[in-house]
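Structure here, sequence nowhere to be found:
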């Protein structure tokens with residue numbers, strides 16, 4: 001498939017970054033404070049196992065990180081640029097022979113499709129004095145009892161373990177996101193801040209949205225007793241939000257395979273006035289947060305909120321003024337979570 005320049009297909013704010021490399025399949029930037037960001041297009045099917053669970057995929061990624069002497073700090077399935085993606089943060093030693101040399105933190109978003117994938121990677125390494133963040137948090141955790149040293153001189157509780165039987169991660173207490181604000185210059189804080197920024201601002205060109213997405217595992221939402229049903233709700237809501245964006249971008253979408261005919265017509269009627277102007281719509285719903293689910297006797301109602309940063313361009317390619325706003329989408333699905341029966345969308349009032 002012949003593609004336009006990579007930076008036109010996958011867009012996010014690079015203000016203040018310096019391009020260090022550019023080719024047909026890769027663009028790299030240097031960050032002013034050190035480290036870099038790389039955007040890569042892989043024109044081959046992704047090397048991701050099919051028909052696997054989120055926990056198994058996390059386990060495989062953790063083993064890969066550990067094989068290089070490091071560890072996996074985060075791994076989740078997220079929505080970025082209206083596409084389901086794998087988000088991860090890992091760490092590895094700068095020098096496996098010298099622990100004092102510090103570590104390198106790598107944060108990434110992988111957007112997989114059946115025939116290709118897009119990868120965005122952020123990398124920053126420790127320099128100068130290392131270990132301050134760990135030392136400060138460890139001292140606090142020992143003082144407040146979150147961590148204790150056992151008879152074998154092992155710090156128990158320093159690396160939290162899940163109590164639900166899922167695959168543990170390798171993040172210690174100091175590597176939790178809540179400490180990033182206290183240590184903004186730490187490489188972990190920096191890669192996470194850049195990854196959060198890219199994930200929130202990501203815009204995917206319709207030529208990529210036309211690609212068949214790779215089937216990632218369902219989201220693991222809720223308790224052990226309700227994970228299956230809530231994951232099914234999340235899956236159909238994500239699919240509908242993705243198709244909602246494609247309809248407004250003017251792409252042909254066969255909604256009726258899983259959307260009630262009246263609801264499908266309502267969506268197309270809502271998009272028609274926008275499409276009739278001849279303007280090009282570039283949907284960008286950012287990433288959505290928690291999903292609120294209410295189960296009724298004959299249906300399930302799901303609510304999600306997201307930042308609508310969509311951009312309209314006129315026939316000349318000039319942007320039409322648009323105001324970013326927070327939106328709430330309500331989706332009504334059947335009890336089997338296989339069909340969207342209705343939906344509505346409305347702006348969320350912001351309180352001063």
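Received the coordinates, thanks. Treat the numbers as computed from the prediction; the structure is a model and nothing was measured.

what about the residue nearest to residue 324 when sequence neighbours are not counted, how many neighbours?
Distances taken as Cβ to Cβ, 6 or more residues apart in numbering put residue 309 closest to residue 324, at 5.1 Å, once the chain neighbours are dropped. For glycine as for every other residue, the C-beta is placed from the backbone atoms N, C-alpha and C. Residue 309 is flanked by 19 other residues according to other Cβ atoms under 10 Å.

same check, this time on the one 5 residues further on
For residue 314, the number of neighbouring residues by other Cβ under 10 Å comes to 12.

pLDDT at it, what is it?
If you check residue 314, the pLDDT there is 70.

show me where pLDDT drops low in the stretch 151-300 of the chain?
The stretch 151-300 of the chain contains residues with pLDDT under 70 at 163-166, 218-229, 231, 280-290.

Do a quick rundown of the helices in it.
187-201, 206-209, 227-248, 261-276 (DSSP state H, counting those that start in this stretch).

closest to residue 161 out of these?
With Cβ to Cβ, the closest approach to residue 161 among these belongs to helix 227-248: 18.9 Å.

just the angle between that closest one and helix 261-276, please?
Helix 227-248 and helix 261-276 are oriented at 40 degrees to each other (axes from the mean of the first three to the mean of the last three Cα atoms, to 10 degrees).

May I see the buried residues of helix 227-248?
Across helix 227-248, burial judged by 16 or more other Cβ atoms under 10 Å covers 227, 229-238, 240-248.

Next, residue 78: secondary structure please.
strand (DSSP: H, G, I helix; E, B strand; the rest coil).

How many neighbouring residues does residue 122 have?
By other Cβ under 10 Å, 25 other residues sit near residue 122.

Mind telling me what element it is part of?
strand 117-125 (DSSP states H and E).

show me the contacts for residue 110.
46, 85-86, 88, 117-119 (Cβ atoms under 8 Å, 6 or more residues apart in numbering).

mind giving me a markdown table with these and columns for pLDDT, distance to residue 79 and neighbour count?
Below are the contacts of residue 110 laid out as a markdown table (pLDDT from 0 to 100; distance: Cβ to Cβ, whole Å; neighbours: other Cβ atoms under 10 Å):
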| residue | pLDDT | distance to residue 79 | neighbour count |
| --- | --- | --- | --- |
| 46 | 93 | 17 | 19 |
| 85 | 90 | 7 | 26 |
| 86 | 93 | 11 | 25 |
| 88 | 95 | 15 | 21 |
| 117 | 95 | 16 | 22 |
| 118 | 95 | 14 | 25 |
| 119 | 97 | 17 | 19 |
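
Run through the residues that contact residue 132.
Counted by Cβ under 8 Å, 6+ apart, residue 132 has contacts residue 183.

Let's see the pLDDT reported for it.
Looking at residue 132, its pLDDT is 88.

Partner strands of the host helix or strand of residue 106 and their direction?
For residue 106, the host element (DSSP H and E) is strand 103-112. Its sheet considered, strand 103-112 pairs with strand 83-93 (antiparallel), strand 117-125 (antiparallel) by DSSP bridges.

looking at those strands, which has the lowest confidence?
Looking at the strands paired with strand 103-112, the weakest mean confidence is strand 83-93, a mean of 91.

residues near residue 267, how many?
20.

For it, give its distance to residue 331.
According to Cβ to Cβ, to the nearest Å, residue 267 and residue 331 sit 11 Å apart.

shared neighbours, those two?
Residues touching both residue 267 and residue 331 by Cβ under 8 Å, 6+ apart: residue 343.

rewinding a little: pLDDT on the strand holding residue 106, on average?
Averaging pLDDT along strand 103-112 yields 94.

what do you get for stretch 70-80?
Stretch 70-80 shows a mean pLDDT of 88.
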